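*Asks:* quick one: sequence plus predicted model below, questions after.
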Amino acid sequence: MSIADKVTRTLAELGTDPAALYSELGELFDGELRQAGAPEDVKHLRDRWLGRKQGLLTAANDHWLKAAGREIKPAVGKLQNTLKTRIEQAMEAASGRTQTARAEPPLDITLPGPVRIIGARHPVGIVLDEIEEIFRSMGYSVYEGPEIESDYYNFEALNFPEHHPARDAMDTIFLTDRMLLRTHTSPCQIRIMEKQRPPLRYIVPGKVYRHDAPDASHSPMFHQVEGFAVDEKISFCDLKGTLDHFLKRLFGPTVRTRFRASFFPFTEPSAEVDVSCIFCGGSGCRVCKHTGFIEVLGCGMIDPAVYGYVGYDPERYSGFAFGMGVDRVAMLRYDINDIQLLFQGDARFLSQFR
Amino acid sequence: MRILLSWLREFVEIPESPRRLADALTMAGLAVDAVAQEQGETVLELDVTPNRPDALSHLGVARDVGALFGLPVRRPQIRLAEDARPAHERASIEIADPDLCPRYTGRVAVGVTAGPAPDWMRRRLELCGIRSINNIADITNYVLLECGQPTHAFDLDTLRGPRIIARRARSGELLTTLDGVQRTLRPEQLVIADQDRAVALAGIMGGGETEITARTRNVLIESAFFEPASIRKTARQHGLHTEASHRFERGADIEAAPWANDRIACLLTELAGATVLRGRLDAYPSPQRRAAIPLRAAAVARHLGVEIPWDEVRRMLTSLDFLVEDGQVIPPAGRLDVEREIDLIEEIARIWGYDRFPLRLPEWSGESRPAENAAKTARVRQTARALGYDEAITYAFLSPAEAGQFGSWPAVPVLNPLSEFQNVMRNSAAPGMLRAIEWNLNRGQSDVRLFEIGRLYQPGPQGHAEPPVLALAATGRAGGKQLDFYDLKADVGRLLALFDGGVIGLDPETEASYYHPGHSARARLGGQAVARFGRIHPDLAAERKFRQPVFLAEIWLDRLLPLPLREPHYRPLPRVPPVGRDFSLLMPDGVAFGQIVEAVGQREYLVRLEPVEIFRGDQAPPGKYSLLLRAVWQRDDASLTDEQVNQYALHLVETLRHRFGAEQRT
């Protein structure tokens, strides 16, 4: 029998301890009060409990208190009063709460809030940070070297002979005969190896310069990340595994990598690395020029001739090196069609990266 | 390099489709950029890396195809019918400078009929991008595309004297080359000469006076080997880049020189009615022999990470015309890129196939360190962004005018600038920021805040320095109001406060003429100037046609980054709330807020002194301004009574009255 039914019987009929009955009745009220939210709910609750005819509390007063035997009547009266006071107070509080909220007209929530601007990260910076994070997690340290370099570090010690056509591939901006703006961040390989012994794992992010007239895909200044590892027993398979892992983390686990034989004076064997097109997945589209692949970096096993410049024993140590254009990765990732956008400081462009 | 599939097929059977062939070549280092159909021919566009001059011909590419697919390569057969008259009666060769010309071969063909080459030959040349000239020149070019050896044909009757000399030019010697340009030669440049004069710029371009013409009857064919670096230097000095120089500077095949000569002679008899005199002239004072290179299986495995069966190694190298014997390998004469064991290992890897090597991750134990100052730069960057500035990157070049106007040291000049506006390295971050502001204002973007972290470039006694700098630029509205000097001041203050360098001080002298005097300041940290900022000078703004105030800040990170970042330090929270009082004061004009703060000084329980409102003009009597000043007192351990605070307030107002003649308004 529910407590709502019990209030229609007398205590004598129920034969239960009145304190337990009142407690049960109180719990029912508490539960219903918790459910009540809207002003209508509160009104309904008041009628159900305090109504003069059908109110539950009125029924308890009539059937329990009025019909109670003389010896228990004072105790029952006390129980009845305590509960009544409690319910009345609760009802008052509940109706007051809804009335205060109703007093304030509702807002037009479709109006915009004031936008507090948090400045944008530069897209190149976003990609650089990500590359750095991936290689840091693989144990690589980060080094930054000078942008104004000597011919020795930029070319000679990287096994670019003075009158060699390999230098043509890097149209160089010179400051003097022997000083230039680095054409790649690879000179830092030499700078680091001169000062430290293997095992080494480094990446070198930074600005590099080429004598290229600016257009949608060329810029005289851009960004590169050079990386290298030197240790005993590093092989071409390690190079492939490391870069495959890196590129899957950068471009997503579904990309496939492709290593093609190529030539760089400071690596041998050398390779160009392609990833399956991140736009079409390899079926061919405008971005990959219908080849299914996008070239993303150059790499190779460090040429033993380079070790000669830093005094490493090429019979003991081997290693690999790679270099990647960061701007191009940012352009691929964000579908940016003009490299000049990266260096104009156009707020309409930059704010898209907030 | 354009390769015709039909021509390639003359030397090697190709079972694969053009697409598969292109892929295989690309993977093996001869990148095929495009496979095109032109005039019914399949044309492969090869991008040949500078180490592979041997692949700059159809036979060269055929050799790689043969190695990749395990197919034999057929060279064209030469059946040359020579005349009984000996060639050496008509011409002889002298190599005066064998260091620059180790080998020179010649053949004499007489009675040629100059005219157009046959259609099939002209078509092949043109498909390969070489303009047809006449049958004699076309034959030399055809053989160039066939085997890669550049050659040259002289009109024998225009040569003075029987002797051809390969020698260094005389200083100031003149030569008019085939392109009609008269060139002044330098003594380090190699020429081909007759007894009187230079007749060709060796290995680069022939001379106009000895050129083949319609009247040419007798021909001397040159096929030689020239020292690569010398060709490259000379070609560069004359601003020339020819099919011949392109190959010679990369390294030709010294053993192919006589073959190419014979091949041309043969084609001249077949296609130009020539009679070839007996004997090949061949000056080769010290014949070269390629050194044997030891190849160890262990070294192959160490570099490549995979053990490749020796039989396979032998097969692959042999198919590339290497001689393999007892762990020794002799490369062919045309593979000047192969000199060391590692070069052989590369050949093995690329023919084996890069895609066949498994993926592996190298073992590692050790730490990973960030770049120097990375944490500090990251905080600066994060704070600038939090203050609402977008990160920009601008070019590191300036025009000399900009460098002069904004820089505080002579800018590093660029030797070969891209343009006259980019011919020095930046010595100030201001021009780049102002250009960006200008760019935005010109495009209707009037609310802009940018920052850049970059380097400046400074000449120094021990080489160049590249001090890092942080620049801020701001204009327009932000946070619902027009930006002003104080916004910049607060932002710069925030950035400087990242560093634990002592008290931030300001002085009104920026020492930079592009700031608005009186609306700009220099900031010091621990006594050292670390930044300057403010509104740009009205003259500069007018020059740039800025119609709204533009603000700039330059923060010298090279002075900040050596300082530690400020570490937070906890102080126990006060148990009672602070007590504030506002004072409405009339201050004489010219009393700076800083003077008021200084005059009040350190006082017991006074924790803050701030200007709430300042009125000038109508609302204040002449010579005065109205200041609503708020002072806040707080005692950590107990409440301050009203009486005490009244006492402090009275004393404060008294001090200002005494020092400045301040009046309290009622």
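*Replies:* Received, thanks.
*Asks:* just the CA coordinates for stretch A:46-53, please, in CSV.
*Replies:* The C-alpha trace of stretch A:46-53 is given here as CSV (Å, rounded to 0.1, in the frame of the first residue of the first chain):
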residue,chain,number,x,y,z
ARG,A,46,0.9,23.0,-3.3
ASP,A,47,-2.6,21.8,-4.2
ARG,A,48,-1.6,18.1,-3.8
TRP,A,49,-0.2,18.6,-0.3
LEU,A,50,-1.8,21.6,1.2
GLY,A,51,-5.2,21.6,-0.6
ARG,A,52,-8.1,22.0,1.9
LYS,A,53,-10.1,19.1,0.5
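*Asks:* so B:Y104 sits against B:S92, correct?
*Replies:* No - between B:Y104 and B:S92 there is no contact under Cβ atoms under 8 Å: 10.8 Å. Any C-beta I mention is one placed from the backbone N, CA and C, and that applies to glycine too.
*Asks:* these two: which is more packed in?
*Replies:* Between B:Y104 and B:S92, counting by other Cβ atoms under 10 Å in any protein chain shown, B:Y104 is the more crowded of the two (25 against 15).
*Asks:* in what helix or strand does the more buried one lie?
*Replies:* B:Y104 belongs to strand B:103-110 when assigned by DSSP states H and E.
*Asks:* give me the element the residue of chain A positioned farthest from its centre is part of.
*Replies:* Farthest-out residue of chain A from its mean C-alpha position, per Cα atoms, centre = their mean: A:R70, at 74.0 Å. In this assignment (DSSP H and E), A:R70 forms part of neither any helix nor any strand.
*Asks:* mutual contacts of B:Y104 and B:S92, please.
*Replies:* Between them, B:Y104 and B:S92 share these contacting residues under Cβ atoms under 8 Å, 6 or more residues apart in numbering or on different chains: B:164, B:281.
*Asks:* A:A305 against A:N159, yeah?
*Replies:* Yes - look at A:A305 against A:N159 with Cβ under 8 Å: they come within range, at 4.6 Å.
*Asks:* quick one: which of the two has more around it?
*Replies:* Remark: of A:A305 and A:N159, A:N159 carries more neighbours, 20 against 16, as counted by other Cβ under 10 Å.
*Asks:* so what's B:A474 bridging to?
*Replies:* Beta-bridge partners recorded for B:A474 (DSSP bridges): B:R449, B:F551.
*Asks:* confirm B:A137 sits in a strand?
*Replies:* No - applying DSSP: H, G, I helix; E, B strand; the rest coil, one finds B:A137 to be helix, outside a strand.
*Asks:* burial of it, as a residue count?
*Replies:* Neighbours of B:A137 (other Cβ under 10 Å): 21.
*Asks:* may I have the phi/psi pair for the nearest residue to it once chain neighbours are set aside?
*Replies:* With sequence-adjacent residues excluded and distances taken as Cβ to Cβ, 6 or more residues apart in numbering or on different chains, B:A137 is closest to B:I212, at 5.8 Å. The phi/psi pair for B:I212 (degrees, to the nearest 10) reads phi -70, psi 130.
*Asks:* from B:P467, how far out is B:I212?
*Replies:* 62 Å (Cβ to Cβ, to the nearest Å).
*Asks:* so the residue nearest in space to the middle of chain A is in which element?
*Replies:* For chain A, A:E130 is the residue whose C-alpha lies nearest the centre (Cα atoms, centre = their mean; 10.6 Å). Under the criterion of DSSP H and E, A:E130 resides in helix A:123-137.
*Asks:* before we move on, the earlier item: any common contacting residues for A:A305 and A:N159?
*Replies:* If you check A:A305 and A:N159 against Cβ under 8 Å, 6+ apart, the residues they both contact are A:F266.
*Asks:* wait, what's in contact with the residue in the stretch 151-300 of chain A that chain B sits nearest to?
*Replies:* At 2.9 Å from chain B, A:S235 is the closest residue in the stretch 151-300 of chain A, using Cβ to the nearest Cβ. A:S235 makes contact with A:301, A:318, B:302-306, B:360 under the criterion Cβ under 8 Å, 6+ apart.
*Asks:* now B:G66. Its backbone dihedrals?
*Replies:* phi -60, psi -40.
*Asks:* number of residues surrounding it?
*Replies:* 20.
*Asks:* what of B:G70?
*Replies:* 9.
*Asks:* tell me, how many residues neighbour the nearest residue to it once chain neighbours are set aside?
*Replies:* Leaving aside its chain neighbours, B:G70 sits nearest to B:S319 (7.0 Å; criterion: Cβ to Cβ, 6+ apart). Residues within reach of B:S319, counting by other Cβ under 10 Å, total 19.
*Asks:* which residues of the stretch 101-250 of chain B lie near chain A?
*Replies:* Counting by Cβ under 8 Å from any Cβ of the partner chain, the residues of the stretch 101-250 of chain B close to chain A are B:228-229, B:232-233, B:249-250.
*Asks:* and the residue of the stretch 451-600 of chain B nearest chain A?
*Replies:* B:H464 (4.4 Å).
*Asks:* picking that back up, tell me how far the helix or strand following the strand holding B:Y104 lies from the chain's centre.
*Replies:* Sequence order places helix B:119-127 as the next helix or strand after strand B:103-110, per DSSP H and E. Offset of helix B:119-127 from its chain centre (Cα atoms, centre = their mean, to the nearest Å): 38 Å.
*Asks:* related to what we said a few turns ago, from A:V76, how far out is the residue farthest from the centre of chain A?
*Replies:* On the measure of Cβ to Cβ, A:R70 and A:V76 end up 11 Å apart.
*Asks:* ok, B:E372 next?
*Replies:* With Cβ to Cβ as the criterion, B:E372 and A:V76 are 84 Å apart.
*Asks:* between these two, point out the one with more neighbours.
*Replies:* A:V76 (22 against 12).
*Asks:* no further questions, thank you.
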